[in-house]
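Asks: Here is my input; please provide its structure:
(one chain, ligands or ions: 1)
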Amino acid sequence: MTETIALPDNAIEVRGLEKTYAGTKKAAPKTALRGVDLVIPRGSMFGLLGPNGAGKSTLINILSGIVNKSAGTVTIWGRDIDKQPRDAAAALGVVPQEIVADVFFTPREALEVQAGFYGVPKNERRSDELLAALGLSDKANAYVRALSGGMKRRLMVAKALVHNPPILILDEPTAGVDVELRRQLWEYVRKINAEGVTILLTTHYLEEAQELCDTIAIVNRGQVVACEPTPQLLRRLDTRNVVVTPEGELDGLPTVKGFEVVGRPNGAFAISYKKGQSSVEQVLAAVRAAGVTIADISTEDPDLEDVFLALTYGDASQVDPTKD
Ligand SMILES: Nc1ncnc2c1ncn2[C@@H]1O[C@H](COP(=O)(O)OP(=O)(O)OP(=O)(O)O)[C@@H](O)[C@H]1O
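Replies: From the prediction side, this is the model:
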């Protein structure tokens, strides 16, 4: 008889998560997470985006049981990591940031060893299926040290999946992966997501998150500063800058009706506008109407830093006072 187990609505639930790394003789204690709440619905392709040091790896390492939290609760696939740590860990497949190559095993052996580690019975193992799915069949019996970086990373994805976990975590999966392999990796990740596997992906790149993820959470300095469906988040980030170099020298910054003007080096100035509300033509018309003759223009899309500032301080043009 097959037992019917109710599936949880949320693959991962994190509440009030805090982490302070203990200090040493040389270093002061370091707070990496400051009250993180995060709900990752079952079946989603969820992006965790943030700059270096934001706390993404700390969060992932707590989920995978490698780092102990200081406070808060974490539930993975309906299991509290404090009460059912083994069951919680079994629901996860984790592809770590660094490539860890088992130099003494062939890819097939590496998968078999990993399956043994998870107690997957021999008749339920799917090493060959995974090798094929990740384009590694012809390397099944090669020495792992003979594989390229991209192949090693795909082998790590295969290893994370040997026990058929309902959740796959990819920590910076495309660092050092070339364009073609990246495309293949994403194709596979999309496929298993369509088959029901919940994906949690961390990245520094807004582009990567926006291409793949249905929901994006942005973490900055140990806090979630935004967590929204991708299209909604992108609408909030539709600010663009037009940088104008005027003909000749201006007597101070011009007053451009309807737009805020910010000075730039060498007499240039920048105007930011919402793509959904105005166009470059409208900005330039307003600049000309202000009596400025334009020598040159360029446009800039916001980078992640602008995004964090915009989300954290409500206004991309404000300067973060805590930054050096
Ligand atoms: N073992 C540790 N001991 C002390 N501090 C740590 C430790 N691990 C991380 N930190 C600090 O905690 C903060 C968050 O780091 P974390 O690695 O979680 O960020 P991240 O967003 O994953 O960055 P990256 O993208 O560079 O991996 C950083 O300030 C980091 O220096």
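Asks: who's the nearest residue to Leu38 once chain neighbours are set aside bridged to?
Replies: Distances taken as Cβ to Cβ, 6 or more residues apart in numbering place Val14 nearest to Leu38, at 4.3 Å, with adjacent residues excluded. For the C-beta atoms, the positions are set from N, CA and C on the backbone; glycine is no exception. Counting by DSSP bridges, Val14 is bridged to Leu38, Val74.
Asks: Begin at 885 from now on, thanks
Replies: Sure, I'll start counting at 885 from here, so that last one is Val898.
Asks: what about Val898, distance to Tyr1002?
Replies: 24 Å (Cβ to Cβ, to the nearest Å).
Asks: swap in Asn1125?
Replies: For Asn1125 relative to Tyr1002 (Cβ to Cβ), the value is 50 Å.
Asks: more neighbours, the two?
Replies: Asn1125 (20 against 14; other Cβ atoms under 10 Å).
Asks: Next, Gly1019: secondary structure please.
Replies: The three-state label given to Gly1019 by DSSP: H, G, I helix; E, B strand; the rest coil is coil.
Asks: gap between the nearest residue to it once chain neighbours are set aside and Pro991?
Replies: Leaving aside its chain neighbours, Gly1019 sits nearest to Gln1068 (6.0 Å; criterion: Cβ to Cβ, 6+ apart). For Gln1068, the distance to Pro991 equals 16 Å [Cβ to Cβ].
Asks: The two: which is more packed in?
Replies: The residue with more neighbours, out of Gln1068 and Pro991, is Pro991; 27 against 15, by other Cβ under 10 Å.
Asks: From Lys1043, how far out is the more buried one?
Replies: In terms of Cβ to Cβ, Pro991 sits 9 Å off from Lys1043.
Asks: Can you name the residues in contact with stretch 1071-1084?
Replies: 895-896, 924-930, 932, 944, 1017-1018, 1041, 1045, 1049-1054, 1085, 1096 (Cβ atoms under 8 Å, 6 or more residues apart in numbering).
Asks: Write the PyMOL selection for whichever of those residues are buried.
Replies: Buried residues among the contacts of stretch 1071-1084 (16 or more other Cβ atoms under 10 Å), as a PyMOL selection:
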select buried, resi 895+896+924+926+927+928+929+930+932+944+1017+1018+1041+1045+1049+1050+1051+1052+1053+1054+1085+1096
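Asks: Residue numbers of the stretch 1085-1208 of the chain in contact with the ligand?
Replies: In this structure, the stretch 1085-1208 of the chain does not approach the ligand anywhere, judged by Cβ under 6 Å from any ligand atom.
Asks: Excluding chain neighbours, give the residue nearest to Thr959 in space.
Replies: Glu897 (4.4 Å).
Asks: burial count for the one you found?
Replies: Neighbour count of Glu897, defined by other Cβ under 10 Å: 19.
Asks: which residues of the stretch 885-1034 of the chain fall in helices?
Replies: 940-947, 969-974, 991-1001, 1011-1017, 1033-1044 (DSSP state H, counting those that start in this stretch).
Asks: I'd like to know which of those lies nearest to Ile960.
Replies: helix 969-974 (4.1 Å; Cβ to Cβ).
Asks: and the closest one, average pLDDT?
Replies: Mean pLDDT, helix 969-974: 93.
Asks: residue ranges with poor pLDDT in the stretch 1035-1184 of the chain?
Replies: 1059-1061 (pLDDT under 70).
Asks: now with 50?
Replies: Applying pLDDT under 50 to the stretch 1035-1184 of the chain picks out no residues at all.
Asks: Look up the pLDDT of the residue nearest to Leu922 for me, please.
Replies: On the pLDDT scale, Val898 gets 98.
Asks: was I right about Arg926 contacting Asp893?
Replies: Yes: between Arg926 and Asp893 there is a contact under Cβ atoms under 8 Å: 6.1 Å.
Asks: Can you point out the buried residues in the longest helix along the chain?
Replies: The single longest helix within the chain, with elements called by DSSP state H, is helix 1063-1078. Using 16+ other Cβ under 10 Å as the test for burial, helix 1063-1078 gives Leu1065, Leu1069, Trp1070, Tyr1072, Val1073, Ile1076, Asn1077.
Asks: what ranges do the helices span in the stretch 1035-1184 of the chain?
Replies: 1063-1078, 1090-1096, 1114-1120, 1164-1173.
Asks: quick one, which of the ones you listed is nearest to Glu1131?
Replies: helix 1164-1173 (11.2 Å).
Asks: for the closest one, which positions count as buried?
Replies: Going by 16+ other Cβ under 10 Å, helix 1164-1173 has these buried residues: Val1167, Leu1168, Ala1170, Val1171.
Asks: From Arg918, how far off is the second one?
Replies: Right, the one you point to is Leu1168. In terms of Cβ to Cβ, Leu1168 sits 43 Å off from Arg918.
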